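*Asks:* Have a look at this prediction, sequence included:
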Amino acid sequence: MAKTTRGLENVSLPAPSVASGLPYDTLLREFNSRFEMLNADTPELVRQAQKIRHQVYCVENGFEKSSEDSEGLETDEFDSRAVQSLLVARETRAALGTVRLILPLAHAPERSFAVQRLLDPGSARKLLSLPVRTMAEASRFSISRHFRRLMSYSEPGESESAVMNNSGPMMRLGLFQGLVRMSLQHGITHWCALMEPTLIRMFSAMAIRFQPIGSLVEFRGLRQPCYIDVYAMLNAVMRERPAFWQIISAGGSLWVRPSPLHGEALNS
């Protein structure tokens, strides 16, 4: 596989219009009625995550090449020290999306993440000035168009396009829930990523504010290496976008509390 750097570089996440004017927990109830986030913590669930990655990155977008012996799975060298989550349809139990965190190398923080391979020396030093030992790279943020079309929970008379438009933002927020849960479980306080500038602006409008690390780099077009403080993000989304926060924090079960070490810490 020629390229190994992974990121959130090809995600589109418009703000969920379905939340407008509704009680702030309505979106969460709708999400929970349709979807569930699972840790991909068994070989079979990992294979499901890699199958979605193959569909999105190799088939639907052509970002990676599929070898004849891939068995319809997309894998790379970082999977051996990554944790992954799956978004599944509650009714059919079909896997629809996935996201992963590449965990840091305690003995070699300077080469922990795929994005570091694209940084200039100054930007690399900036990343290392962050709490890199509790940082993970968010990558393979994927929802398959093909698998979404197979969903069967549409209301009578509701068109496929309406179902797709209404469910897409919730599904993407669900993947953020997966990132937060994995961060809690593995002591992660910050994420780094490689993202399109337009996506950074979209996230910022949702109070999910990634900060740049150095200049734009060339990777499938111009991309921005960036990072975010998970705790600050949760607090900002709670204040500014409470309906989104309900999904991202799983109804507050993945929330923060004061800590003398950090100022805030994820609840167990």
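*Replies:* Looks like it arrived, so ask away.

*Asks:* Quick check: which ranges of the protein have low pLDDT?
*Replies:* 1-24, 66-70, 149-166, 256-268 (pLDDT under 70).

*Asks:* for it, what spans make up the helices?
*Replies:* 26-34, 43-53, 121-128, 145-149, 160-186, 197-205, 230-240, 242-248 (DSSP state H).

*Asks:* Can you list the buried residues in the third one?
*Replies:* When neighbours are counted by 16 or more other CB atoms under 10 Å, the buried residues of helix 121-128 are found to be 123-124, 126-127. C-beta here means a position set from N, CA and C on the backbone, and glycine is covered the same way.

*Asks:* Next: the first one.
*Replies:* The neighbour-count criterion (16+ other CB under 10 Å) identifies 27-28, 30-32, 34 as the buried residues of helix 26-34.

*Asks:* just curious, which of those is nearest to residue 105?
*Replies:* In terms of CB to CB, no member of the buried residues of helix 26-34 lies closer to residue 105 than residue 31, at 34.4 Å.

*Asks:* Just list the residues touching that closest one, thanks.
*Replies:* Contacts of residue 31 were listed using CB atoms under 8 Å, 6 or more residues apart in numbering, and they are 170, 173-174, 247.

*Asks:* is it true that residue 98 touches residue 57?
*Replies:* No - the pair residue 98 / residue 57 is not scored as a contact, 10.7 Å apart, by CB atoms under 8 Å.

*Asks:* Between those two, which has more neighbouring residues?
*Replies:* Neighbour tally, residue 98 and residue 57, criterion other CB atoms under 10 Å: the higher count belongs to residue 98, 29 against 19.

*Asks:* Who is the more buried one paired with across the strands?
*Replies:* residue 86, residue 142 (DSSP bridges).

*Asks:* what about residue 48, neighbour count?
*Replies:* Count around residue 48 with other CB under 10 Å applied: 20.

*Asks:* so it touches residue 86, yeah?
*Replies:* Yes - proximity of residue 48 to residue 86 meets the contact threshold set by CB under 8 Å, at 6.0 Å.

*Asks:* so what's in contact with the two at the same time?
*Replies:* Common contacts of residue 48 and residue 86, defined by CB under 8 Å, 6+ apart, comprise 40, 95, 98.

*Asks:* between the residues you listed, which is closest to residue 107?
*Replies:* Of all the shared contacts of residue 48 and residue 86, residue 40 has the smallest distance to residue 107: 25.5 Å, by CB to CB.

*Asks:* and the nearest residue to that closest one once chain neighbours are set aside, what does it touch?
*Replies:* Nearest non-adjacent residue to residue 40, counting by CB to CB, 6 or more residues apart in numbering: residue 84, 4.0 Å away. By CB under 8 Å, 6+ apart, the residues touching residue 84 are 39-40, 45-46, 49, 98-101, 140.

*Asks:* quick one: residue 240 from residue 201, how far?
*Replies:* 15 Å (CB to CB, to the nearest Å).

*Asks:* same check, this time on residue 122
*Replies:* Going from residue 122 to residue 201 by CB to CB gives 24 Å.

*Asks:* quick revisit: kindly reformat the helices of the chain as a markdown table and extend each row with distance to residue 90.
*Replies:* Below are those laid out as a markdown table (distance: least, CB to CB, whole Å):
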| stretch | distance to residue 90 |
| --- | --- |
| helix 26-34 | 6 |
| helix 43-53 | 15 |
| helix 121-128 | 38 |
| helix 145-149 | 14 |
| helix 160-186 | 11 |
| helix 197-205 | 26 |
| helix 230-240 | 23 |
| helix 242-248 | 14 |
